[in-house]
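**Student:** The following block contains a protein sequence and its predicted model.
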Amino acid sequence: MTPTTKKAAIIGGGVIGGGWAARFLLNGWDVAVFDPDPEAERKIGAVLDRARASLPALYDRALPPEGALTFCDSLVDALQGADWVQESVSERLELKHKVYDQIAAHLPEGGFIASSTSGFKASDLAANGAPVVVVHPFNPVYLLPLAEITGEPELRAKALPVVQSIGMSPLEMHAEIDAFIGNRFQEAIWREALWMIKDGIATTAQIDDAMRMGFGLRLAQMGLFETYRLAGGEAGMASYMEQFGPSLHWPWSRLTDVPDLDAALVQAISDQSDAQSGHMTIARMETLRDDNLVAILRGLRRTGSGAGGVITAHEESLDSDGEIDGLPVTQRRAVPVTWTDYNGHMNEAAYLELGTWATDGLMKLVGADDAYVASGKSFFTVDTRIRYLGEVHRGAVLTVTTQVLEGAGKKMKLFHRILKEDGSLAATIETLMLHTDLNTRRACLPEPAVAEALETLAAAHAGRDAPGAGGSVGQRN
Ligand SMILES: CC(=O)CC(=O)SCCNC(=O)CCNC(=O)[C@H](O)C(C)(C)COP(=O)(O)OP(=O)(O)OC[C@H]1O[C@@H](n2cnc3c(N)ncnc32)[C@H](O)[C@@H]1OP(=O)(O)O
Ligand SMILES: NC(=O)C1=CN([C@@H]2O[C@H](COP(=O)(O)OP(=O)(O)OC[C@H]3O[C@@H](n4cnc5c(N)ncnc54)[C@H](OP(=O)(O)O)[C@@H]3O)[C@@H](O)[C@H]2O)C=CC1
């Protein structure tokens, strides 16, 4: 463990504790787990595999090197040297109190416990005097950024930056309510769904379709109020409320009523659920869920909407990339499943995409950054040759170094080397760019600062070997 590596103690390693463990580990923290369940190690291993296959794929930059995972035989061992304690034991108040009593005796000065509880108030959790703050995540913890934080203000203030540093979006709540905000909504929806089945109105499959084919797609990007604002048209929110306000008094929903979960209702729901999804294993559904979440979240990244903005902000906080063999590292990232194809490896188009990100990295390095582009100057690609040298598979971390072969006048010729984790070459990309005026759309000279930075790099890289550069298609070396 390096001196700067932080350590999280995960107390309770089930669905949620496993998700926390994965999120901390993949963000470079060491993690110690305590869970008396003899199956905990196997279960967390499965969660971690899923997290490794999905979380890095959200980012266009590699996450920090994974931390070390240990399983402890005692709670005290797990707490040793911990900078963060996340309690995720089963949702029983007396169990949580018992666990807090044990933890509190071993907390350092100023230390506290973060609880994953789905519904208990922080003040109820802290009733015996242990310093507890609610940090309520959503499953899968390693992909969904929301963490609802409630409790004493000074504990909330301590928890917030840590949660943010592992790529989550803390939602600080000042009011104390059971089940916080997210679960209050989920329960409202759940009640309506139960009534619709009990009343024979809809099946489990119809209810799921009503969400995923319709309003569910809107909620992930704009939430409720922005969505309704648009529903009001140009007249906006007030108009929406005027138009749909009266329906609140019509019997559209049965929200105040709770159906009795008698044996017949439970049987009807589980039969329908089996008919709907019984052909898939839980593990298969979890993989599907994660792949879909990655695709949706990556879509949201493009506009910065909803959870997409959290990912870009976290990515910007990750370490810059440094140098390899005297060449700047212009990209380092994991290969997402969407980059692979029917041959089971990274598709040719993805190499070009990686190359364009590396070119962007080089442009930033010489000062041709977002502000420069906004000022009306940029580089356009006019020619590219890619040599595919070694197969790459999902999850591999690729590093791109960039050599400036030419950097004078309007022209910038780059040679990207795409390296695998063992240092071998996966591909090279040689690309010619012309500096362009974005108003006239014609080639022109760069601004002096950019020209100078480019010439300096070109001079520093001059005389180095660049195997395969300058060749034609089909020429091996
Ligand atoms: C970072 C990114 O933005 C990456 C991208 O995705 S870019 C998108 C894909 N690329 C494009 O759309 C570019 C399409 N091309 C163009 O728009 C135009 O070629 C351009 C605006 C870049 C330049 O047009 P122009 O102003 O008429 O330049 P032009 O006078 O023809 O050429 C300037 C110089 O480059 C050279 N050049 C132009 N195209 C070239 C090519 N394909 N190969 C080699 N040299 C070339 C010319 O010979 C000329 O050289 P000299 O100054 O030594 O005589
Ligand atoms: N599931 C979900 O979607 C969400 C759950 N939560 C909350 O997270 C918490 C955990 O839930 P979840 O992960 O689903 O539950 P799980 O049942 O999957 O995991 C709880 C784990 O805690 C273990 N455990 C029990 N007693 C102790 C103890 N004294 N010390 C250490 N570990 C212990 C259990 O072991 P054993 O099985 O042997 O008893 C089990 O492995 C709950 O508070 C829940 O409300 C929050 C957000 C979402």
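**Tutor:** Good, I have the coordinates. Ligands and ions are numbered 1, 2, ... in the order given.
**Student:** on contacts alone, who are the packing partners of the helix or strand containing Arg218?
**Tutor:** Using DSSP states H and E, Arg218 maps to helix 216-222. Other elements packing on helix 216-222 under the criterion 3 or more CB pairs under 8 Å, 6 or more residues apart in numbering; DSSP states H and E are helix 225-231, helix 282-303. For every residue, glycine as well, the C-beta is placed using N, CA and C.
**Student:** what are the ranges of the strands in the stretch 251-400 of the chain?
**Tutor:** Listed in chain order, the strands found in the stretch 251-400 of the chain under DSSP state E, counting those that start in this stretch are 323-324, 327-334, 377-388, 397-408.
**Student:** Could you say which one of those strands comes nearest to Trp20?
**Tutor:** Distances from Trp20 to each of the strands of the stretch 251-400 of the chain were compared using CB to CB; the minimum, 20.5 Å, belongs to strand 327-334.
**Student:** now the angle between strand 397-408 and that closest one, please.
**Tutor:** Orientation of strand 327-334 against strand 397-408 (axes from the mean of the first three to the mean of the last three CA atoms, to 10 degrees) gives an angle of 140 degrees.
**Student:** Of all the strands of the stretch 251-400 of the chain, which one is nearest ligand 1?
**Tutor:** strand 377-388 (3.6 Å; CB to the nearest ligand atom).
**Student:** what does that closest one rub up against?
**Tutor:** The set of residues that contact strand 377-388 without belonging to it, under CB atoms under 8 Å, 6 or more residues apart in numbering, is 348, 351-352, 355-356, 359, 363, 368, 372, 412, 426-438, 444, 446-447, 450, 468, 471-473.
**Student:** ok so, going back, just flag whichever of the helices and strands packed on helix 216-222 has the lowest average confidence.
**Tutor:** The stretch with the lowest mean pLDDT among the helices and strands packed on helix 216-222 is helix 225-231, which comes in at a mean of 87.
**Student:** burial count for the one residue in the chain that gets nearest to ligand 2?
**Tutor:** With distances taken as CB to the nearest ligand atom, the chain approaches ligand 2 most closely at Gly14, which sits 1.9 Å away. Number of residues near Gly14 (other CB atoms under 10 Å) recorded here: 18.
**Student:** my read: it touches Ser116, true?
**Tutor:** No. Checked against CB atoms under 8 Å, the pair Gly14 and Ser116 is beyond contact range at 9.7 Å.
**Student:** so what sits against both of those two?
**Tutor:** Residues touching both Gly14 and Ser116 by CB under 8 Å, 6+ apart: Ser88.
**Student:** show me where the stretch 351-477 of the chain has helices.
**Tutor:** With DSSP state H, counting those that start in this stretch, the ranges of helices along the stretch 351-477 of the chain come out as 370-374, 448-461.
**Student:** buried sites along the first one?
**Tutor:** Which is helix 370-374. Neighbour counts using 16 or more other CB atoms under 10 Å place Tyr372 of helix 370-374 among the buried residues.
**Student:** What of stretch 155-171?
**Tutor:** Using 16+ other CB under 10 Å as the test for burial, stretch 155-171 gives 155-156, 158-160, 162-164, 166-171.
**Student:** Dump these to a markdown table, plus secondary structure, pLDDT and distance to ligand 2.
**Tutor:** Below are those laid out as a markdown table (DSSP: H, G, I helix; E, B strand; the rest coil; pLDDT from 0 to 100; distance: CB to the nearest ligand atom, whole Å):
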| residue | secondary structure | pLDDT | distance to ligand 2 |
| --- | --- | --- | --- |
| Leu155 | helix | 97 | 18 |
| Arg156 | helix | 97 | 18 |
| Lys158 | helix | 97 | 20 |
| Ala159 | helix | 98 | 15 |
| Leu160 | helix | 98 | 18 |
| Val162 | helix | 98 | 18 |
| Val163 | helix | 98 | 14 |
| Gln164 | helix | 97 | 19 |
| Ile166 | coil | 98 | 16 |
| Gly167 | coil | 97 | 17 |
| Met168 | coil | 98 | 13 |
| Ser169 | strand | 97 | 15 |
| Pro170 | strand | 97 | 15 |
| Leu171 | strand | 97 | 14 |
